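[1] the following block contains a protein sequence and its predicted model.
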Amino acid sequence: QVQLVESGGGLVQPGGSLRLSCEASGFSFEHYSIGWFRQTPGGEREGISCISRGDYSTYYEDFVKGRFTISRDDAKKTAYLQMNSLKPEDTAVYYCAAVEDFHSAWKLPTSYDYWGRGTQVTVSS
């Protein structure tokens, strides 16, 4: 059974940090590129970052560049999103997703094959 399970969300003060994890099972994790998305109530799911399989190329949306870092550990079948300098507008449910055939449209949710159920991140004082 294919599963992606996010963890690491929670409540953090502005300026704080969180590290999200995305643990995979049921498929060949090392053969998939991994994306991170977020969604607010009533909003669309937006792409934040992606890390490709193989050469581990990384991609970021402009509003997280310099603050968020994506990484992966294929041996642990886990991807990570380190989030620093968090802002109240980063509050959202964060999702990870996996795609086997990576292409330039990494920001589009429809590009992905598998999804996790999300983890809530709340940035508030």
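    That came in fine, so what should we check first? Residues are numbered from 1 along each chain as shown.
[2] who's in contact with residue 16?
    86, 123 (Cβ atoms under 8 Å, 6 or more residues apart in numbering). Quick note: C-beta positions are derived from backbone N, CA and C, even for glycine.
[3] that one: which element?
    Using DSSP states H and E, residue 16 sits in no helix or strand.
[4] and it, how far is that from residue 92?
    From residue 16 across to residue 92, the span is 15 Å (Cβ to Cβ, to the nearest Å).
[5] and what of residue 109?
    Residue 109 is 14 Å from residue 92, where distance means Cβ to Cβ.
[6] those two: which is more packed in?
    residue 92 (22 against 16; other Cβ atoms under 10 Å).
[7] so who does the nearest residue to residue 81 once chain neighbours are set aside touch?
    Nearest residue to residue 81 in three dimensions, chain neighbours excluded: residue 20, at 4.3 Å (Cβ to Cβ, 6 or more residues apart in numbering). Going by Cβ under 8 Å, 6+ apart, residue 20 touches 6-9, 36, 80-81, 83, 94, 96, 119, 121.
[8] what helix or strand is residue 20 on?
    Judged by DSSP H and E, residue 20 forms part of strand 18-25.
[9] just residue 122 next, same as before
    Judged by DSSP H and E, residue 122 forms part of strand 119-123.
[10] C-alpha coordinates for that strand, CSV please?
    Output of strand 119-123 as CSV, limited to C-alpha atoms (Å, rounded to 0.1, in the frame of the first residue of the first chain):
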residue,chain,number,x,y,z
THR,A,119,0.3,18.4,8.6
GLN,A,120,-0.8,21.6,10.1
VAL,A,121,1.7,24.5,10.5
THR,A,122,0.5,27.5,12.5
VAL,A,123,2.7,30.6,12.9
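[11] who does the strand holding residue 20 pair up with?
    Using DSSP bridges, the strands paired with strand 18-25 are strand 3-7 (antiparallel), strand 78-83 (antiparallel).
[12] noted, bye for now.
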